[in-house]
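K.L.:
using only what follows, build the 3D model:
(2 chains)
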Amino acid sequence: MKRLLTPRNLIVRTGVALVVLLVVMFACSLIGTESISWKAVLDGPGAQPAANPDYEIFVRVRLPRIILACLVGAALASAGVVFQALLRNPLADPYILGISSGAGLGAMIAVISGLNWTLWGRSPIAVFAFAGALGTVWLVWFIGRLTGKFHVTGLLLAGVVVNAFFSAVIMFLTSIAKGEHVYTTIFWLMGNMTEEDFLVLWIGAGCVVGGMLALFYISPQLNALSFGDDDARSMGVNIAGTRTIAFGIAAGITAIAVSLSGLIGFVGLIVPHAVRLLFGPDHRQLLPLSGIVGATFLIIADTLARIVVAPAQLPVGIVTAIVGGPFFLILLVKYSKKVSWLK
Amino acid sequence: MMNKWWWLLLMISCWMAVGIVVFGPRQAQNSGATPPPTDADRIVSSAPNLTEILFALGLEKEIVGVTLDSDYPPAATEKPKVGTFWQPNIEAVVAAKPSLVITLGFEQQKNLAERLERIGYNSLTVNIEKVSDLFDAIEEIGAATGGPERANELVGDIRKKLDRLSALAGTETKVRVLWVVQREPLRVAGRDTFVNEIIELAGGENAIGPTVHKYPPVGAEQVIACSAEVIIEPAMSQEDLAAQQDRAFQYWSKFRNVPAVREGRVYVIRGDTVSRLGPRLYDGVETTARCLRPELLEN
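P.N.:
Numbers count the residues shown, from 1 in each chain, chains lettered A, B, ... in the order given. Model prediction:
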């Protein structure tokens, strides 16, 4: 039996994880296809563009990208924790209820229609993907409600079927679309990081960190829910309210992550599991730690994506799957013997 | 219970407000200030056909970065690389200290140009989807790099050669061509493509009628029905065309009813001149014309 979680433990572990995250951010900001000198970076921007490329690479290209990876990783990993808890299904990830195909369809429509405007600095692809993601989640939630008050199986099946249906529509559009549109969409579907405006990153950070804090608030209720509805009810938990809040926040931050960087798989699935295997299933700890570990993991994956096939780049979704998969399997085999809830 | 939620909401609102105050106005300023005009003495090209145009305009010295797929002229392969056509590496572009970045109008390419402009770099986006676009693009690039005469000359030269060829082929009946871009599954060039223009410039006509797709997938039935007189397959790799030609004969032998197959008129040709619209357009058209009427260009 694992020792119970004390506040001291929680603070120490979160603090250590945060320090690791900062160290990784710093280390990764030094790595890239171009070598840059610190002295030049600290000189600040030159009088005109291209006067100081070192500064521009560091501040305008690498730093925004690392911050973006941090946000997206944290959002996906915490959303994964919530979906696994709500659906009581170890296979659940942020995309399980159709967000991926809904966002993908939105992106595809934006690409094909060739729209050319920006909304608060976001491209039509990002806006449509965000709308597609939230719309799909709402649709699945709505269908799930029709099958019963909160029928986990009904919800899951609705998600799987909506996913399959939208994927088929994506395939159909792919088969009739122009070649370059198809390529653009495929690269989007594989997940890509680009450098975003600081305003976008700032607002994104507000939403993601705010969402994570809200989820942390309700983590005791999530603990109760993961025992099952009856147990939770007997502990005095407002089941419907907790579910709606958790579900809405998790879907919201996933949609933000997807609209920022496309579909990055695996982070939302393996990071929560890895953290659970290492530190136990208490959501008060699982949520913050998963968020921080997810951020760290995605920053490392994105740094690899930037440099492994230099001077070209890889879509980061490929790296998360290739690096994350084997690593997770090792963890699974090594730790699963110790953990009783897996059996 | 309610209290902490209000706190959270308040904190998020403050955070957003701070963000808009700190980053919002400066963003507007940035977009308002026009970048100072510079001469294009350091050019980055993000596509192989753009690289070819730049070389044809005599700007070899000015090119400071090309994509990995820029393999012509051979000197292009020795230029610093800034990623691939589909996955340009913005870090490498910035490190090349470009005064002008030229991209194509495809989504991914346009996106690169927009990202660079946000950081403050000059870019030029040209659309090259049709033969007429190519001429416009050459002239646009010529104007942006300070050599419009050179561009006019290049365009005039290509046009002249094309006119001479079409004068040769003009009076003959059109040859029906099936242009195969992919074998499994079978995909061919449709009418709304620049390949179609190459076929027509070479004195042929597309054996496939109007289609929904630009490069439609076709079934065996359509292949037989189109009664192509010549089948052309641009080779993906430039190596060992003879072996690829043999494999093509083998594959097409199952369509014995098609005139092109019956008469052994299946050709595997070099792919680069016909799959990118660049200054070597005439070479591509001539290669195609040789497949359609080998006798015409004998002299």
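
K.L.:
where does the stretch 151-300 of chain A come near chain B, residue by residue?
P.N.:
Residues of the stretch 151-300 of chain A found near chain B (Cβ under 8 Å from any Cβ of the partner chain) are A:175-176, A:178-181, A:183-184, A:187, A:194-195, A:197-199, A:202-203, A:205-207, A:210, A:213-214, A:217. Using the backbone N, CA and C atoms, a C-beta is placed for each residue, glycine as well.

K.L.:
if you set the cut-off to 7 Å instead, what comes out?
P.N.:
A:176, A:178-180, A:183-184, A:187, A:194-195, A:197-199, A:202-203, A:206, A:210, A:213-214, A:217 (Cβ under 7 Å from any Cβ of the partner chain).

K.L.:
apply the buried test to these and list what passes.
P.N.:
Buried members of those, counted by 16 or more other Cβ atoms under 10 Å in any protein chain shown: A:178, A:180, A:183-184, A:187, A:194-195, A:197-199, A:202-203, A:206, A:210, A:213-214, A:217.

K.L.:
just the residues of the stretch 151-300 of chain A next to chain B: which are in helices?
P.N.:
Among those, the ones falling in helices (DSSP state H) are A:176, A:179-180, A:183-184, A:187, A:198-199, A:202-203, A:206, A:210, A:213-214, A:217.

K.L.:
can you list the weak-confidence ranges in the stretch 1-150 of chain B?
P.N.:
Along the stretch 1-150 of chain B, the parts satisfying pLDDT under 70 run over B:1-2, B:25-38.

K.L.:
and the helices in it?
P.N.:
Assigned by DSSP state H, counting those that start in this stretch, the stretch 1-150 of chain B shows helices spanning B:2-32, B:48-56, B:90-95, B:107-119, B:131-144, B:148-169.

K.L.:
make JSON lines out of those and add mean neighbour count and distance to chain A.
P.N.:
Converted to JSON lines, these look like this (neighbours: other Cβ atoms under 10 Å in any protein chain shown; distance: least, Cβ to the nearest Cβ, whole Å):
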{"stretch": "helix B:2-32", "mean neighbour count": "12", "distance to chain A": "4"}
{"stretch": "helix B:48-56", "mean neighbour count": "25", "distance to chain A": "14"}
{"stretch": "helix B:90-95", "mean neighbour count": "26", "distance to chain A": "4"}
{"stretch": "helix B:107-119", "mean neighbour count": "19", "distance to chain A": "4"}
{"stretch": "helix B:131-144", "mean neighbour count": "19", "distance to chain A": "14"}
{"stretch": "helix B:148-169", "mean neighbour count": "15", "distance to chain A": "24"}
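
K.L.:
residues contacting the residue of the stretch 201-343 of chain A found nearest chain B?
P.N.:
Taking Cβ to the nearest Cβ as the measure, the stretch 201-343 of chain A has residue A:202 as its residue closest to chain B, at 3.5 Å. By Cβ atoms under 7 Å, 6 or more residues apart in numbering or on different chains, the residues touching residue A:202 are B:19, B:23.

K.L.:
what pLDDT is listed against it?
P.N.:
As predicted, residue A:202 sits at a pLDDT of 92.

K.L.:
same thing with residue B:237?
P.N.:
Looking at residue B:237, its pLDDT reads 75.

K.L.:
neighbours of it, how many?
P.N.:
Residue B:237: 9 surrounding residues under other Cβ atoms under 10 Å in any protein chain shown.

K.L.:
okay, and it sits in which element?
P.N.:
In the assignment (DSSP states H and E), residue B:237 maps to no helix and no strand.

K.L.:
what about it, distance to residue A:312?
P.N.:
To residue A:312, residue B:237 is 19 Å away according to Cβ to Cβ, to the nearest Å.

K.L.:
do residue B:109 as well
P.N.:
Taking Cβ to Cβ, one finds residue B:109 at 14 Å from residue A:312.
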